[in-house]
Each structure stands twice: as structure tokens, then as C-alpha cells.
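[1] Sharing a model that was predicted from the sequence below.
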Amino acid sequence: MIRHIVFFSMKSKALDQDGLTNAHTMAEHFRRISKEIPGVCSVELGLNYNSEERFYEMALNQVFESKQALEDYTNDPRHIEVRDFVRQVIDHRIVVDYDMDCPA
């Protein structure tokens, strides 16, 4: 099983919407495609309530059946469509993928 974690820093305004509105839209998109695309075992999304100067507004936490399932998800046209939206509304992101079965 692979855990895929992404932290998003939103633009304050993009596509005629504020950052919070775009974060909610992103969350809806990720919830939808996580149900539609095979290989996703779970999805959690959260908006950060911490308003300190250096923070990320949204977190995505997904679990995939395998590395291949994550790769298939990444290349799926539904994910590519969401990714294109995301790239327009974020300033920055941090991604961590790791094998949950691999001992640390």
C-alpha cells in the first residue's frame, strides 16, 4: 500500500475566485475522482485552520493499493483534468509518497 500526501498553498485569487473557494472546489474534485478511479483505497482532505504566516491551506491524504495504482491514477485523464485546474489555483505544493509496508 502506498500513502500519497500533498500539501497545497493556494493563490489568494485565481480564476475569479478566492483561495478558499478554489480549495473547496479542489477538494470536491479529489473526492470525486478518488471514488471513480480504481486503486484508491481511501482519501482524506482537510483545510488548515491555522492562519500563521507560513502554512499550507489544504492537505490531501490518499492510500493506493500499489505503486502501479498510484501511477495509473496519476496518468488517468480524470486526474489530469483536475491537475490542470490545480496548477492554475495553487502557488506551491509538497508531495510525499511512501510504501506503508516498508519498515522504517
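    Thanks, I have the structure now. Numbering: from 1, shown residues only.
[2] The biggest helix by length in the chain: which residues count as buried?
    The helix that spans the most residues within the chain, counting by DSSP state H, is helix 19-36. Using 16 or more other Cβ atoms under 10 Å as the test for burial, helix 19-36 gives Gly19, Asn22, Ala23, Thr25, Met26, Ala27, His29, Phe30, Ile33, Ser34. To be clear about C-beta, it is placed using only N, CA and C from the backbone, and glycine gets the same treatment.
[3] Need the CA coordinates for it. CSV is fine.
    Taking Å, rounded to 0.1, in the frame of the first residue of the first chain, the C-alpha atoms of helix 19-36 are listed here in CSV:
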residue,chain,number,x,y,z
GLY,A,19,-8.3,30.8,-2.5
LEU,A,20,-10.7,29.3,0.0
THR,A,21,-13.4,28.8,-2.7
ASN,A,22,-10.8,27.2,-5.0
ALA,A,23,-9.6,24.9,-2.2
HIS,A,24,-13.2,23.7,-1.7
THR,A,25,-13.5,23.1,-5.4
MET,A,26,-10.3,21.2,-5.4
ALA,A,27,-11.5,19.0,-2.5
GLU,A,28,-14.7,18.2,-4.4
HIS,A,29,-12.7,17.2,-7.5
PHE,A,30,-10.3,15.0,-5.5
ARG,A,31,-13.2,13.3,-3.6
ARG,A,32,-15.0,12.6,-6.9
ILE,A,33,-12.0,11.2,-8.8
SER,A,34,-10.9,9.1,-5.8
LYS,A,35,-14.2,7.3,-6.0
GLU,A,36,-14.1,6.9,-9.8
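[4] Return the list of helices and strands in contact with it.
    For helix 19-36, the contact count by 3 or more Cβ pairs under 8 Å, 6 or more residues apart in numbering; DSSP states H and E identifies strand 2-10, strand 40-47, strand 58-64, helix 77-89 as packing neighbours.
[5] before we move on, the earlier item: and the buried residues of helix 19-36, which is closest to Ile80?
    For the buried residues of helix 19-36, the closest approach to Ile80 (Cβ to Cβ) belongs to Ile33, at 10.0 Å.
[6] Report how many residues lie close to the closest residue to Ile2 other than its chain neighbours.
    In space, and not counting its chain neighbours, Ile2 is closest to Phe64: 4.5 Å by Cβ to Cβ, 6 or more residues apart in numbering. When neighbours are defined as other Cβ atoms under 10 Å, Phe64 has 25 of them.
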